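Participant: Pasting a predicted model and its sequence here:
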Amino acid sequence: MYRIDPARADLAREYKARPNGPHSAELQKVLLILRWGATRGKSVILVTKPDREWRLGKFGPKRGTPMTEYGPTYSSAKDASWACFRARWLETTGQECPVE
Amino acid sequence: MAERLLAYADRISAAAGERIEIKVSAPEGGAYQAKLIRLICGDDSPEGPGFKAEDIPSPIAKSYPARLQPIHFGSHVEFHKGGPLLAGSFTFFAMVWPTLPLKGAPQAIMGNFDAANRSGCSLLIDASGRLAVQLGDAPLLHLDKPMVERQWHLVSLAFDVAAGTVTLRQRVLSHRGPGDAIAETTRRLEPSDAATARTGAGVGGPFRIAAWSAGELAAAHYNGKIDSPAVIGRALDAETIETLGTDAKAARAASGVLAAWDFSQGISGTAVTDASGNGHQGRIVNLPARAMKGWNWDGSAYDWTKAPEQYGAIHFHDDDLYDCEWETDFAWDVPKDLKSGVYCVQLTQQGRSEAYEEFVPICVRPGPGQKRNKLALLIPSASYWAYANHQMPSSWTFNETSMGVFETMTAADRYLEEHVGFGLSTYDNHSDGSGVCYSSSLRPVLNMRPKSHLWQFNADTHITDWLEAEQLDYDVITDDDLEREGLDILKDYRCVITGTHPEYYTLKMLDAVQAYTDLGGRLVYLGANGFYWRIAYHQELPGVIEHRRAEDGMRGWISEGGEYYMSFTGELGGLWRRMDRAPQLLCGAGFTAQGFDSASSYKRRPESFDPRAAFIFEGVGKDEVIGDFGTIGGGAAGWEIDRADLALGTPRHALIVAEATEFSSAYHWVKEEFNHTHSAIDGDTCPMVRCDMVFFETPKGGAVFSTSSISWAGALAHAGYKNNVARITANVVRRFLDPKPFEL
Ligand SMILES: [Fe+2]
């Protein structure tokens, strides 16, 4: 199975530059792994002001429990996607994404 | 957690001259305001045409006292006369298939325990997943062995007054070890008389199945199936319980029988039949799933109408909801001369720190005798119900890999995640993981309103927006009307336009649209993944559809084998294409792929230069790229896309006038078309990932035009409606409104 090399700054940079794609074949693999399975427990994007402000957050343990928000606010969907990519990189590989 | 102003109407469609009732729950006290608008465009995103509405003077436009209205969710059975009375010795038994034994809260199987005064007696699953009995305010008696998720158990509770004992017993039917299939425990009641008294006549609440009482309300809802529950008015030993518990006929005739319910009777309705002859008839509340495989299902029949005795189970869920049953706040008498259109009751409340706003859409169709326009927009309300309050972010473990994006939760998504009880959509799983097969309109539907995600209702307002910009007079009719009236509601229109995603169709609806085109009507299919799933409306209850995700297709969940036939009608659920009614037969194109990262554009094909198609492309250049713009993915071909296919019924004479072929790897070919899994299924590698614009003439002077893309309507408003997507749409609609017959 393909494993994400947490040192691969080139792939992170590629996503940061073009979060909506198109993505290289290898970045596609990385994204499928970052996105595999249920989102409960993983960082997701919350729209905090429609079309204006986004934040990262997480689901509660089950339906009917509050979601949590964390980190800074973002003023574009693109920036929020990049933040989510970095959060997932850490959650999936156990290592910080090498690109700020 | 943020609160919302919530509301719904008793139906989505009203004819001019009719009365429609509005029900509201306000988050704060004081008052809220209502007004009436005619909605032109609900897309308030920065890229879109903007929110556009016309204020309509109406007597309903005023201030109303605000109040909270509760939602009582969770399904169960209740009894007209309170159910069997428990006096002296008795035994409960049933076959049960628990789906969430480790819920962490009590789940009542049957009995008359009332939590409000802690009296009565119910058999239940306790918070740790063990069979237990709640007897008055005595501590729970439970078995040591936990119940096994998704396995049939014969469970019983025998209460013996003479011996002063209560005995709990379970047998796992398909026991796989280790240990014994049977667990049993008996407790001597001390003091026995007091405990006995608590269960006696006049004590406890009304008898319920799959819940107990908390005063007037039902509580402790059960998750899972129950089959053939019975109450016998004496204490039975294990051997008798085994005999009667595995032979429903014997149970109904057993000596001392008080009630023996047969859930396989009246599957399409809400009545629950007591087959013992003692008349303890009941009714289901909040539509638990019927036509469910029973404990004795042996695989010999897949159609419950052919072997109902094997479909004696009802699957209950703690999050089932049919009708909120809110009180009406006010009624709107739709004026007789009001022009047809999409209207909304707009509600606002200024709270202490927040301003709340909600909209209740109402499609007004022409009243009897009122003059009709030649053009109708057929609002795909059945598909709105299918998607109503969907919670894909939490239901779908494959949502991100399917969509190709990170989950992005809007305020409405978040509200539904944080507040259970609003009912689910046919895209979701219940809290026990089972698929949701019913969806109702009698509840606040947070994703059917302007200023929301551009999907279904709000995306369809791109069409009304364009119709207004193009100054075309149109009527608005809905799927709910089509289901009621059939062809009659279509036949006087010269041209009918669909919404962007008319995915869910009943047989009656599909037959009506097919007959409309066969009789010379002109159909403009401005969407994709239409006419795809077969559904049914309930034959008695208003405002609720059923869907079984049978066999194949792009499915939110998968129906269990043997549960493919709909309870409402006995019809097979699933894809229309598996019933020889592929969408290509009606519109020349049918679902072929979807992706949600970006949209594409069309190129003209040689057929577009056929004189038959000349009217479509008037004013569009030979090599012009069509629709490389738009608010839905930046192109007119995208999100979900359809393909022509002669093998699936695209007419031989159809012209594929344009096509879009450049899609990203986030686009995936539909799964019902490949035999084996393989990697060549995406926009990079799979030639089936394409979008075909189709035109063909029909008998009796009619014609069909299909854009085959959900994104199309999002491109109409580009550059002040002066663009080739709008141009093509106008060319087609104007020609379709021209009575001059098309030649076949
Ligand atoms: Fe759909």
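Facilitator: Arrived safely, thanks for sending.

Participant: give the contact list for residue B:581.
Facilitator: Shown in contact with residue B:581 (CB atoms under 8 Å, 6 or more residues apart in numbering or on different chains): B:510, B:531. (C-beta placed from N, C-alpha, C; glycine too.)

Participant: pLDDT at it, what is it?
Facilitator: If you check residue B:581, the pLDDT there is 98.

Participant: what's the answer for the one 10 residues further on, then?
Facilitator: In the prediction, the pLDDT value recorded for residue B:591 is 98.

Participant: One more: residue B:16?
Facilitator: pLDDT for residue B:16: 89.

Participant: From chain A, how far out is it?
Facilitator: Separation of residue B:16 from chain A (CB to the nearest CB, to the nearest Å) stands at 34 Å.

Participant: try residue B:619
Facilitator: Taking CB to the nearest CB, one finds residue B:619 at 32 Å from chain A.

Participant: Identify the residues contacting that residue.
Facilitator: By CB under 8 Å, 6+ apart, residue B:619 lies in contact with B:724, B:727, B:731.

Participant: quick one: the residue lying closest to residue B:323 once chain neighbours are set aside and chain A, what's the gap?
Facilitator: Nearest non-adjacent residue to residue B:323, counting by CB to CB, 6 or more residues apart in numbering or on different chains: residue B:442, 4.0 Å away. Plainly put, residue B:442 is 21 Å away from chain A if you go by CB to the nearest CB.

Participant: per-residue confidence at residue B:442?
Facilitator: 98.

Participant: got the residues of the stretch 251-400 of chain B near chain A?
Facilitator: B:319, B:391, B:393, B:394, B:397, B:399, B:400 (CB under 8 Å from any CB of the partner chain).

Participant: quick one, phi/psi of the nearest residue to the first one once chain neighbours are set aside?
Facilitator: Which is residue B:319. Distance criterion CB to CB, 6+ apart; nearest residue to residue B:319, sequence neighbours excluded, is residue B:431 at 5.2 Å. Here is the backbone geometry of residue B:431 (degrees, to the nearest 10): phi -60, psi -20.

Participant: Surely residue B:431 and residue B:318 touch.
Facilitator: Yes. Counting by CB atoms under 8 Å, residue B:431 touches residue B:318, with 5.9 Å between them.

Participant: which neighbours do these two share?
Facilitator: By CB under 8 Å, 6+ apart, the residues touching both residue B:431 and residue B:318 are B:100, B:103, B:223.

Participant: ok, now which ones touch residue 34?
Facilitator: In the absence of a named chain, chain A is used. A:4, A:85, A:88, A:89, A:92.

Participant: that's the wrong chain, I meant chain B
Facilitator: Residues in contact with residue B:34 (CB under 8 Å, 6+ apart) are B:22, B:60, B:61, B:62, B:63, B:64, B:330, B:345, B:346, B:347.

Participant: which stretch of helix or strand covers residue A:89?
Facilitator: Using DSSP states H and E, residue A:89 sits in helix A:77-93.

Participant: mean confidence for that helix?
Facilitator: Rounded mean pLDDT across helix A:77-93 is 97.

Participant: Which neighbouring elements make contact with that helix?
Facilitator: Counting contacts by 3 or more CB pairs under 8 Å, 6 or more residues apart in numbering or on different chains; DSSP states H and E, the secondary-structure elements packed against helix A:77-93 are helix A:9-17, helix A:25-35, strand A:43-49, strand A:53-58, strand A:68-74.

Participant: repeat that with 10 Å
Facilitator: Packed against helix A:77-93, as judged by 3 or more CB pairs under 10 Å, 6 or more residues apart in numbering or on different chains; DSSP states H and E, are the following elements: helix A:9-17, helix A:25-35, strand A:43-49, strand A:53-58, strand A:68-74, strand B:408-409.

Participant: and the third one, does that touch chain B?
Facilitator: Yes. Taking CB under 10 Å from any CB of the partner chain as the criterion, strand A:43-49 and chain B are in contact, through A:43, A:44, A:45, A:46, A:47, A:48, A:49.

Participant: what are the phi and psi values for the residue in the stretch 501-650 of chain B that chain A sits nearest to?
Facilitator: Using CB to the nearest CB, the closest approach of the stretch 501-650 of chain B to chain A is made by residue B:597 at 5.4 Å. Residue B:597 adopts backbone torsions of phi -90, psi -40, taken as degrees, to the nearest 10.

Participant: what do you get for residue B:169?
Facilitator: According to degrees, to the nearest 10, residue B:169 has phi -150, psi 140.

Participant: wait, isn't it in contact with residue B:181?
Facilitator: No. Residue B:169 is beyond contact range of residue B:181, at 11.1 Å (criterion: CB atoms under 10 Å).

Participant: quick one, which of those two is more surrounded?
Facilitator: When residue B:169 is set against residue B:181 and neighbours are counted by other CB atoms under 10 Å in any protein chain shown, the residue ahead is residue B:169, at 25 against 15.

Participant: got a list of what that one touches?
Facilitator: Neighbouring residues of residue B:169 by CB atoms under 10 Å, 6 or more residues apart in numbering or on different chains: B:91, B:93, B:131, B:143, B:153-158, B:182-186, B:236-238, B:241-242, B:245.

Participant: Spell out the secondary structure type for residue B:133.
Facilitator: strand (DSSP: H, G, I helix; E, B strand; the rest coil).

Participant: repeat for residue B:290
Facilitator: Assignment for residue B:290 (three-state DSSP): strand.
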